[in-house]
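Trainee: Sequence and predicted structure, then a few things I'm wondering about:
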Amino acid sequence: MEPITTALELLKRQTEIEARMRQLGGARVAEERDLYALREALKRYPEAVKAILETAATLRRPVDSLSAEDVRRTS
């Protein structure tokens with residue numbers, strides 16, 4: 001799998017986990033562990049993450065609404 005696609009999937013999962021953690025009942029240990037592991041995995045793709053975040057800023061859209069094609073077109 002291509003780094004941009006992988007990083008985009010990881011960022012979307014991160015957003016989902018963070019949203020669940022903000023819900024009533026708060027963070028669960030398993031979700032915190034998943035989030036930590038996810039952030040560690042994202043460290044393997046610094047350039048892809050940077051391109052994704054720049055695309056989100058340029059298009060003024062949240063990261064979880066982007067596609068890999070959006071990132072490729074803007075980069």
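Mentor: Happy to help now that I have it. Source: prediction; values computed, not measured.

Trainee: Tell me how far T6 lies from G25.
Mentor: Using Cβ to Cβ, to the nearest Å, T6 is found at 30 Å from G25. Glycine gets a C-beta too; all of them are placed from N, C-alpha and C.

Trainee: Kindly apply the preceding question to E16 instead.
Mentor: E16 is 16 Å from G25, by Cβ to Cβ.

Trainee: So which of those two has more stuff around it?
Mentor: E16 (14 against 8; other Cβ atoms under 10 Å).

Trainee: what about the strand or helix carrying that one, distance to the chain center?
Mentor: Element membership for E16, per DSSP states H and E: helix 3-22. Centre-to-centre, helix 3-22 and its host chain are 4 Å apart (Cα atoms, centre = their mean, to the nearest Å).

Trainee: Three-state assignment for the most far-flung residue of the chain relative to its centre, please.
Mentor: Distance from the C-alpha centroid of the chain peaks at G25, with 23.2 Å (Cα atoms, centre = their mean). Of the three states, G25 takes coil under DSSP: H, G, I helix; E, B strand; the rest coil.

Trainee: check contacts around it.
Mentor: By Cβ atoms under 8 Å, 6 or more residues apart in numbering, no residues touch G25.

Trainee: low-confidence ranges in this structure?
Mentor: Scanning the chain for pLDDT under 70 picks out 1, 26-27.

Trainee: Which residues are in contact with the most centrally placed residue in the chain?
Mentor: Residue closest to the average C-alpha location in the chain (Cα atoms, centre = their mean): L11, at 0.9 Å. By Cβ under 8 Å, 6+ apart, the contact list for L11 reads 42, 49, 52, 63-64.

Trainee: change it to 6 Å
Mentor: Neighbouring residues of L11 by Cβ atoms under 6 Å, 6 or more residues apart in numbering: V63.

Trainee: Burial check on P46, number of neighbours?
Mentor: Using other Cβ under 10 Å: P46 sits among 11 other residues.

Trainee: how much space is there between it and P3?
Mentor: 10 Å.
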